[in-house]
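In: here is my input, please return the structure:
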Amino acid sequence: MIAGKQQLQQSQLFSLKGSILTLSILTLISFTYFSFRSLRPPLPLSPSTPQLTLLPSTTTTNTTPLSHARIVAYEKANNVGEGEDDDDLFTDVYHSPKPFKLNFEEMERKFKIYIYPDGDPKTFYQTPRKLTGKYASEGYFFQNIGESRFRTDDPDQAHLFFIPISCHKMRGKGTSYENMTIIVENYLDSLIAKYPYWNRTLGADHFFVTCHDVGVRATDGVPFLVKNAIRVVCSPSYDVGFIPHKDVALPQVLQPFALPAGGNDVENRTSLGFWAGHRNSKIRVILARVWENDTELDISNNRISRATGHLLYQKRFYRTKFCVCPGGSQVNSARIADSIHYGCVPVILSNYYDLPFNDILDWRKFAVVLRESDVYELKKILKNISHEEFVTLHKNLVKVQKHFQWNSPSIKYDAFHMVIYELWLRHHVIKY
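Out: Residues are numbered from 1 along each chain as shown. Sure, this is the predicted structure:
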């Protein structure tokens, strides 16, 4: 009797163990099955299933420029650009036309600059001396920034800080270079003592603007300003301390222009090359000596006298294909902007020159960029440019004319906005 009960209990125990084992096996098989199913790609959505696409946020606090890869992906997903007619922007004159356009629009929405209010406008601060002559670019910037959308009265909202001291005003009052340096240094010391903003970055988020050689010479004696702050200058020469990734090349533009803009007039341009000016640099001396008596290149040792005819100098630009732009006392030359305005393809003949907007515009698409040593082969180089190549250069030149024009008030994509865009690009690398 007892033995029978023990056999029954053993039988039930084996049955229970078998059930547990069977359940375990089934569980393992089920887990394996569903694991493999999860590795299969999802079934495609039916045509009627709507898909949501996230647009780039316009309110994000991240101000990093949109990368080209992100922009391309967004445009492909949303068919951006289809049916658009914006030939002025979507052209290879720009290194990256679409990223430039989108980043420019982001800049217009977000970028803020604080102008220090210190300094008497009747002396050397805040306002331009004038909007004409070889310092016109400096004057227009002072005028434009004061009335622009980018200005903020709240320094805590500012991305950059503008130091509004004008070396042009100092020059107009007959101030010596030594005294200019003292005035600049004292003004900066007062700002550092009064406000906390310089010391946050040692001036990396500050900038000042000056044109031609006066401002360069006046600020050279203030090394902590030159080395730390962003310099926006008309003399962007690599061999005198210009730092391309930090500083900004300011286009030197002599306005107002004496005659209307040229362009789309290739048939009228029968002269191969033109330059007239003073021998105030080594390259100009060589240019005049080698080519002054040439029959195909119109090279003059001096500026054309007004007595020979009204606006004769400016009219030469209209009938010339290539206008030679050698550096003068500095690497820059206002002839570059003159050439662009009058539709004459500029020939850059200056070493160590960081051309204005060089990281935005592809200068080789609308200009001829040479080394100074190429001056001896100048005519051969220009004659080797085919008519078709010249026409392309000329057409591209017309497309960039708006970037080398100052306006008051400023206009989208003009010289002021391009300089602001350069500053916008540089503020992204500042961390504090």
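In: any weak-confidence spans in the stretch 151-300 of the chain?
Out: Scanning the stretch 151-300 of the chain for pLDDT under 70 picks out 212, 236-240.
In: burial measure for residue 336, as a count.
Out: Using other C-beta atoms under 10 Å, the number of residues around residue 336 comes to 24. C-beta: built from backbone N, CA, C; applies to glycine.
In: so what secondary structure elements neighbour the helix or strand containing it?
Out: Counting by DSSP states H and E, the element that carries residue 336 is helix 335-342. The contact analysis (3 or more C-beta pairs under 8 Å, 6 or more residues apart in numbering; DSSP states H and E) places helix 335-342 against helix 312-318, strand 320-326, strand 345-349.
In: which of the ones you listed sits closest to residue 294?
Out: Closest to residue 294 of those, according to C-beta to C-beta: strand 320-326, at 11.6 Å.
In: pLDDT on the closest one, on average?
Out: Taken as a whole, strand 320-326 carries a mean pLDDT of 95.
In: quick one: contacts of it?
Out: 269, 271-275, 277, 281, 283-284, 287, 297-299, 317, 333, 335-336, 338-339, 342, 344-350, 368, 372, 375, 378, 382, 385, 390, 394 (C-beta atoms under 8 Å, 6 or more residues apart in numbering).
In: again, but for stretch 407-416
Out: Residues contacting stretch 407-416 (C-beta under 8 Å, 6+ apart): 104, 108, 131, 137, 140-141, 143-145, 147-148, 251, 253, 402-406, 417.
In: try 6 Å this time
Out: With C-beta atoms under 6 Å, 6 or more residues apart in numbering as the test, stretch 407-416 has contacts from 143-144, 251, 402, 404-406.
In: export those as JSON lines, with columns for secondary structure.
Out: Output for these, formatted as JSON lines (DSSP: H, G, I helix; E, B strand; the rest coil):
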{"residue": "143", "secondary structure": "helix"}
{"residue": "144", "secondary structure": "helix"}
{"residue": "251", "secondary structure": "coil"}
{"residue": "402", "secondary structure": "helix"}
{"residue": "404", "secondary structure": "helix"}
{"residue": "405", "secondary structure": "coil"}
{"residue": "406", "secondary structure": "coil"}
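In: quick check, nearest of these to residue 258?
Out: Among those, and counting by C-beta to C-beta, the member closest to residue 258 is residue 405, at 14.2 Å.
In: state the distance from the closest one to residue 144.
Out: In this view, residue 405 and residue 144 are 12 Å apart by C-beta to C-beta, to the nearest Å.
In: neighbour count winner among these two?
Out: Between residue 405 and residue 144, counted using other C-beta under 10 Å, the more crowded position is residue 144 (24 against 21).
In: who's in contact with that one?
Out: 410, 416.
In: contacts for the helix holding residue 336, please.
Out: Contacts of helix 335-342 (C-beta under 6 Å, 6+ apart): 251, 253, 257, 261-262, 317-318, 323, 325, 346, 401, 404.
In: which of these are buried?
Out: Among the contacts of helix 335-342, those buried by neighbour count (16 or more other C-beta atoms under 10 Å) are 251, 253, 262, 317-318, 323, 325, 346, 401, 404.
In: which one of those is nearest residue 175?
Out: Closest to residue 175, out of all of the buried ones among the contacts of helix 335-342 and judged by C-beta to C-beta, is residue 253, at 24.3 Å.
In: hmm, that closest one is touching residue 138, no?
Out: No. Judged on C-beta atoms under 6 Å, residue 253 makes no contact with residue 138 at a distance of 10.4 Å.
In: show me the helices in the stretch 301-432 of the chain, by range?
Out: Under the criterion DSSP state H, counting those that start in this stretch, the stretch 301-432 of the chain contains helices at 312-318, 335-342, 378-383, 387-400, 415-427.
In: for the closest residue to residue 350 other than its chain neighbours, give its distance to residue 375.
Out: Once flanking residues are discounted, residue 350 sits nearest to residue 327: 3.6 Å by C-beta to C-beta, 6 or more residues apart in numbering. Using C-beta to C-beta, residue 327 is found at 12 Å from residue 375.
In: can you give me the neighbour number for residue 387?
Out: There are 9 residues near residue 387, going by other C-beta under 10 Å.
In: what sits against it?
Out: Here residue 387 is in contact with no residue (C-beta under 6 Å, 6+ apart).
In: can you read off the pLDDT for it?
Out: 97.
In: i'd like the first residue to be 365 from this point on
Out: Got it, the first residue is 365 from now on, which makes the last one we talked about residue 751.
In: measure it to residue 710 for me?
Out: Residue 751 is 18 Å from residue 710, by C-beta to C-beta.
In: may I see the buried residues of stretch 637-651?
Out: 637-641, 643, 645, 647-648, 650-651.
In: reformat the residues you listed as TSV; add distance to residue 565.
Out: Converted to TSV, the buried residues of stretch 637-651 look like this (distance: C-beta to C-beta, whole Å):
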residue	distance to residue 565
637	47
638	46
639	43
640	46
641	41
643	44
645	37
647	38
648	40
650	44
651	43
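In: wait, which of these is closest to residue 543?
Out: Among those, and counting by C-beta to C-beta, the member closest to residue 543 is residue 645, at 27.2 Å.
In: surely the closest one and residue 697 touch.
Out: No. In this structure, residue 645 is not within contact of residue 697 by C-beta under 6 Å, at 9.5 Å.
In: and for the two, which residues touch both?
Out: What both residue 645 and residue 697 touch, as defined by C-beta under 6 Å, 6+ apart, is the set residue 691.
In: returning to what we had before: okay, and which of the buried residues of stretch 637-651 map to strands?
Out: For the buried residues of stretch 637-651, the ones inside strands are 637-640, with DSSP state E as the criterion.
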